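*Asks:* quick check, what structure comes out for this input:
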Amino acid sequence: MTEFSPELTEGRSGHFVDPERLSQWLQTHIDEFCGPVTVAQFSGGQSNPTYLLTTPTQQYVLRSKPLGVLLPSAHAIDREYRLLRALHGTTVPIADAFCYCSDTSVIGAEFYVMEYVRGRVLWESSLPGMGRSERRSIFNELGRVMAELHSVDVDAAGLRDFGKTGNYFDRQISRWTRQYRASETHPIGSLERLMEWLPVNIPARQKTTLVHGDFRIDNVIFDATEPRVLAVLDWELSTLGDPLADFSYLCLAWHLPVEGFRGLAGRSNAELEQMGIPSERDFVSQYCKRTGIEDIGAGDWYFYLAYNLFRVAAILQGVMKRALDGNASSSQALEYGERAALTADIGWTCAERAMARCAVNTDRPLNL
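*Replies:* Numbering: from 1, shown residues only. Below you'll find the predicted structure:
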């Protein structure tokens, strides 16, 4: 794999940033900043517009809220900035955040600026072009970094008030149900069923740690040559919550198809072994050993997966709504939004598997 070369544009309609106005503001808020600055927008990203800033001496990354009318509590980049500052110096690899601006007159929206980390972004879970050993090391590193995140001392990091403790799933299911209703454009039957099933099937065991909320393979930057994470990206959904909700989101790769999702669904454990990719069961087992979590019941595990697929479907529906309203942060927003129904369908399949396993034996160990 070669060094990450981001796809950039001069700025899509509705997301223009005045480089002169921005440069003037940055001159007084970042030490050793030296303008002028040129601005190019990253072509990826479905939530917060993200830009590469280039000066004669250095490059930076700017993340801002989208323009237009936004859903309540969405796009909280001020929380994202606070978290990056709090994690600085911990064992969790991040990009250093330099400054935050709440003055919308500078570029038209709130934003913050962080360092530009050079490395690789790996877009596909199958890691095409890699050998067995490198794939194994990449997945091992993903699991290691997530375990480090869930081991952060929130008191020492000053994050005890970063979220509520307890009833995490109740609050999250309620939140994403509201978000979905606020962006609903057409009925999705499987999503309706999930909204009924999830609140009454929450596992009894819950723990509270710092969680990322969107931890997946393409939200981290790897070293250009080594299987080492340099920075975890996109902390917008981070809060205090259940680590198994966070970890199972990473494991959606084993349940999502290649087409449209770049997942691993449809590959047998033997095929994965030949590729150097762990089975879902082995990946879960390794994480549990790192974090000291006891074996997870199969019914509970499929609940976690169903919950995350419900959440992703609600997020994709929000992407769809922003696309239709004309204020999406990506030119591919409509294409992504159309995947909400399929995501909900897969989520309901996981819910059915949870019900089937609980009907046999609630305490049965995870056996995927």
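*Asks:* got a list of what Val211 touches?
*Replies:* Residues near Val211 by C-beta atoms under 8 Å, 6 or more residues apart in numbering: Leu149, His150, Ser238, Thr239, Leu240, Gly241, Asp242, Pro243, Ala245, Asp246. C-betas here are computed from N, CA, C, even on glycine.
*Asks:* and it, how far from Gln274?
*Replies:* Per C-beta to C-beta, to the nearest Å, Val211 is found 33 Å from Gln274.
*Asks:* neighbour count and secondary structure added to the contacts of Val211, as JSON lines?
*Replies:* JSON lines is the format used below for the contacts of Val211 (neighbours: other C-beta atoms under 10 Å; DSSP: H, G, I helix; E, B strand; the rest coil):
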{"residue": "Leu149", "neighbour count": "23", "secondary structure": "helix"}
{"residue": "His150", "neighbour count": "22", "secondary structure": "coil"}
{"residue": "Ser238", "neighbour count": "26", "secondary structure": "coil"}
{"residue": "Thr239", "neighbour count": "21", "secondary structure": "strand"}
{"residue": "Leu240", "neighbour count": "18", "secondary structure": "strand"}
{"residue": "Gly241", "neighbour count": "25", "secondary structure": "strand"}
{"residue": "Asp242", "neighbour count": "23", "secondary structure": "coil"}
{"residue": "Pro243", "neighbour count": "23", "secondary structure": "helix"}
{"residue": "Ala245", "neighbour count": "21", "secondary structure": "helix"}
{"residue": "Asp246", "neighbour count": "24", "secondary structure": "helix"}
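*Asks:* which of those sits closest to Lys65?
*Replies:* Lys65 lies nearest to Ser238 out of the contacts of Val211, by C-beta to C-beta, at 16.1 Å.
*Asks:* so what pLDDT did Leu70 get?
*Replies:* pLDDT for Leu70: 50.
*Asks:* ditto for the one 3 residues further on
*Replies:* Ser73 is assigned a predicted lDDT (pLDDT) of 53.
*Asks:* cool, and Gly326?
*Replies:* What the model reports for Gly326 is a pLDDT of 74.
*Asks:* how many other residues sit next to it?
*Replies:* When neighbours are defined as other C-beta atoms under 10 Å, Gly326 has 11 of them.
*Asks:* can you check Thr104 too?
*Replies:* Residues near Thr104, counting by other C-beta under 10 Å, number 13.
*Asks:* now the contacts of Val211 in a markdown table, with pLDDT and distance to Tyr51?
*Replies:* As requested, the contacts of Val211 are arranged in a markdown table below (pLDDT from 0 to 100; distance: C-beta to C-beta, whole Å):
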| residue | pLDDT | distance to Tyr51 |
| --- | --- | --- |
| Leu149 | 98 | 26 |
| His150 | 98 | 31 |
| Ser238 | 94 | 21 |
| Thr239 | 95 | 25 |
| Leu240 | 97 | 29 |
| Gly241 | 96 | 29 |
| Asp242 | 97 | 33 |
| Pro243 | 97 | 32 |
| Ala245 | 97 | 31 |
| Asp246 | 98 | 27 |
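*Asks:* what's the closest of those to Leu22?
*Replies:* Among these, Ser238 lies closest to Leu22 (C-beta to C-beta), at 25.8 Å.
*Asks:* could you check how far the closest one is from Lys321?
*Replies:* Separation of Ser238 from Lys321 (C-beta to C-beta): 23 Å.
*Asks:* ok, now Glu294?
*Replies:* Distance from Glu294 to Lys321, by C-beta to C-beta: 40 Å.
*Asks:* between these two, which has more neighbouring residues?
*Replies:* Counted by other C-beta under 10 Å, Glu294 and Lys321 do not tie: Lys321 has more neighbours, with 21 against 8.
*Asks:* contacts only, for the more buried one.
*Replies:* Ala182, Ser183, Glu184, Thr185, Gly337.
*Asks:* check pLDDT for the residues you listed and point me to the minimum.
*Replies:* Per-residue pLDDT puts Gly337 lowest of the contacts of Lys321, at 65.
*Asks:* low pLDDT regions in the stretch 1-150 of the chain?
*Replies:* By pLDDT under 70, the low-scoring segments of the stretch 1-150 of the chain are 1-15, 44-47, 68-75.
*Asks:* and the helices in it, which stretches?
*Replies:* Secondary structure of the stretch 1-150 of the chain by DSSP state H, counting those that start in this stretch: the helices cover 19-27, 77-87, 132-149.
*Asks:* for the stretch 251-368 of the chain, same thing?
*Replies:* Under DSSP H, counting those that start in this stretch, the stretch 251-368 of the chain gives helices at 269-275, 280-291, 298-325, 333-337, 340-360.
*Asks:* what comes up buried for the first one?
*Replies:* Put plainly, it is helix 269-275. Residues of helix 269-275 classed as buried: Leu272, Met275 (neighbour count, 16 or more other C-beta atoms under 10 Å).
*Asks:* hey, C-alpha coordinates of that helix in CSV?
*Replies:* Only the C-alpha atoms of helix 269-275 are listed here, as CSV (Å, rounded to 0.1, in the frame of the first residue of the first chain):
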residue,chain,number,x,y,z
ASN,A,269,-13.8,-18.5,8.1
ALA,A,270,-11.5,-20.6,5.9
GLU,A,271,-11.4,-17.9,3.3
LEU,A,272,-10.6,-15.3,6.0
GLU,A,273,-7.9,-17.5,7.4
GLN,A,274,-6.3,-17.8,4.0
MET,A,275,-6.4,-14.0,3.7
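*Asks:* give me the contact list for it.
*Replies:* Identification of contacts with helix 269-275 by C-beta under 8 Å, 6+ apart yields Ser126, Leu127, Arg132, Arg135, Leu264, Arg267, Pro278, Ser279.
*Asks:* again with stretch 186-205
*Replies:* Contact partners of stretch 186-205, identified using C-beta under 8 Å, 6+ apart, comprise 169-170, 173-174, 177, 180, 297, 300, 303-304, 306-307, 309-310, 313-314, 317, 340-341, 344-345, 347-348, 351, 354.
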